[in-house]
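Student: what's the 3D shape of this:
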Amino acid sequence: MEITNYKKREGQEILCTDISTKSNKKYKWQNSEYTRIFLEALSTLPESRKLIIRKLGFGSILTFSCFSNVQVIFEWLISQFDTTSATLSLEDGFNFTLCSHSTHMILGFPAGPKAVVRTESIECSDFIMNIVKTKSPTVEHLCSLLSTDLNEDSFTVIFMLLLLTAFIDPNASGVASPAYYPNLKDISSIPSLDWCSFTLDCLLRAIKKYLFRKKQNIELESGGCKILLVISYFEFLITSEFNLGNSVPRLPLWTTHVVNSYIALDSQQGHSKGFGRLVRKHITSTPFKGSKQQIEMPSEIKDYMELKFQKIALFQFSEFLEQFKEG
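Tutor: The predicted structure follows:
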């Protein structure tokens with residue numbers, strides 16, 4: 001049975017449909033709109049509220065200002081992405097595996113020792129409802145609460161609900177999921193949770209769902225933190241137009257202008273591949289150089305480096321012998 005609900009949000013009609021596996025109905029929604037609403041709400045916060053967010057460990061989101069449409073390049077990337085290993089494998093042999101470390105380098109979110117859980121409980125639902133005053137808090141409703149007179153704990157809960165619903169794991173309805181409520185019951189534990197692994201896991205789940213629906217000829221925008229995958233790829237591209245330095249987290253550096261420019265520079269006009277025009281650098285020249293994954297250099301480069309260093313070592317040794325003789 002198919003259930004369709006229409007909801008009006010800022011003059012935009014959003015069609016939310018519960019689709020059976022045999023249906024070819026299309027979704028009409030854009031979760032990037034929720035991200036925009038969230039980021040714009042954050043930009044208006046007073047410094048005292050921003051300080052709370054920084055104390056939680058999510059300060060990088062306060063200076064993130066990217067409103068680019070990354071759907072096309074995201075679809076190109078996930079067409080070459082293995083969700084089981086979280087590995088991007090391009091046709092030219094380029095490989096990169098996303099992990100908690102690389103996610104932390106980009107987002108700068110806490111990567112604590114405790115896992116973020118997905119479970120629902122009546123107790124936690126009641127706890128959240130007492131703060132947000134509704135069973136189904138939308139992004140718009142939560143943003144409206146940010147400007148009200150809240151104590152620090154209530155503000156923290158609302159901010160985290162927004163971060164989850166509009167950035168970490170955005171969904172079609174723009175409504176906070178009760179499955180994440182237990183993580184917010186103890187405010188003091190939030191910085192000790194592994195939000196990086198959780199964000200990556202949400203992305204992998206969203207990509208799996210998107211690819212499954214695509215096989216069913218169902219058109220929809222993927223959920224998950226798409227900008228995470230896009231930035232991960234962009235960090236490997238070599239271009240003379242930008243020098244983003246080595247500072248971390250990387251998220252604030254990727255503004256609308258920078259992201260749009262990279263999309264344009266890497267696009268292959270009139271080419272079936274779509275993207276992949278720019279040359280890519282080795283992982284040791286990226287912010288991910290501390291990653292545990294091993295990426296092999298091409299054999300010709302490795303041989304050249306070994307020969308080069310061998311010559312340098314021999315030269316330095318001969319100089320030492322000459323100095324020893326003179327002494």
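Student: so where does residue 119 fall, helix or strand?
Tutor: Residue 119 belongs to no helix or strand when assigned by DSSP states H and E.
Student: Distance check, the nearest residue to it once chain neighbours are set aside against residue 135.
Tutor: With sequence-adjacent residues excluded and distances taken as CB to CB, 6 or more residues apart in numbering, residue 119 is closest to residue 182, at 5.8 Å. (Glycine included, C-beta is placed from N, CA and C.) Computed with CB to CB, to the nearest Å, the distance linking residue 182 and residue 135 is 16 Å.
Student: So for those two, which sits in the more crowded spot?
Tutor: Between residue 182 and residue 135, counted using other CB atoms under 10 Å, residue 182 has the larger neighbour count: 19 against 11.
Student: Give me the three-state assignment for the more buried one.
Tutor: Three states are possible here, and by DSSP: H, G, I helix; E, B strand; the rest coil the one that applies to residue 182 is helix.
Student: For the stretch 1-150 of the chain, which segments are assigned as helices?
Tutor: In the stretch 1-150 of the chain, helices defined by DSSP state H, counting those that start in this stretch lie at 32-43, 47-56, 71-78, 100-107, 122-132, 139-146, listed in chain order.
Student: Out of those, which gets nearest to residue 252?
Tutor: Taking CB to CB, helix 100-107 is the member of those nearest to residue 252, at 10.3 Å.
Student: can you list the residues that contact the closest one?
Tutor: 60, 109, 111, 194-197, 199-200, 228, 231-232, 235, 248-251, 287-288, 290-292 (CB atoms under 8 Å, 6 or more residues apart in numbering).
Student: highest average neighbour count across the helices of the stretch 1-150 of the chain?
Tutor: Most buried of the helices of the stretch 1-150 of the chain by mean neighbour count (mean count of other CB atoms under 10 Å) is helix 100-107; its value is a mean of 23.
Student: so how far is that one from its chain's centroid?
Tutor: Between the centre of helix 100-107 and the centre of its chain there are 9 Å (CA atoms, centre = their mean, to the nearest Å).
Student: Could you turn the buried ones of the contacts of helix 100-107 into a ChimeraX selection?
Tutor: A single ChimeraX command is used to select the members of the contacts of helix 100-107 judged buried by 16 or more other CB atoms under 10 Å:
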select :60,109,111,194,195,196,197,199,200,228,231,232,235,249,250,251,287,288,291
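Student: do you know which of the helices of the stretch 1-150 of the chain lies nearest residue 240?
Tutor: Of all the helices of the stretch 1-150 of the chain, the one in closest proximity to residue 240, counting by CB to CB, is helix 71-78 (20.3 Å).
Student: Using CSV, write out every CA atom in that closest one.
Tutor: As requested, C-alpha coordinates have been extracted for helix 71-78 and formatted as CSV (Å, rounded to 0.1, in the frame of the first residue of the first chain):
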residue,chain,number,x,y,z
GLN,A,71,24.5,15.9,-6.3
VAL,A,72,25.9,15.4,-9.8
ILE,A,73,29.5,14.8,-8.7
PHE,A,74,28.3,12.8,-5.7
GLU,A,75,26.4,10.5,-8.0
TRP,A,76,29.6,10.1,-10.2
LEU,A,77,31.6,9.3,-7.1
ILE,A,78,29.2,6.7,-5.6
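Student: and the angle for it with helix 32-43?
Tutor: What separates the directions of helix 71-78 and helix 32-43 is an angle of 110 degrees, with axes from the mean of the first three to the mean of the last three CA atoms, to 10 degrees.
Student: Please name the residues that touch the residue nearest the centre of the chain.
Tutor: When CA atoms, centre = their mean is applied to the chain, the residue found nearest the centroid is residue 228 (2.5 Å). Residue 228 makes contacts with 98, 103, 106-107, 199-200, 203, as judged by CB under 8 Å, 6+ apart.
Student: What is the neighbour count of residue 66?
Tutor: Other residues near residue 66 come to 22 when the count uses other CB under 10 Å.
Student: how far away is it from residue 261?
Tutor: Between residue 66 and residue 261 the distance is 12 Å, computed by CB to CB.
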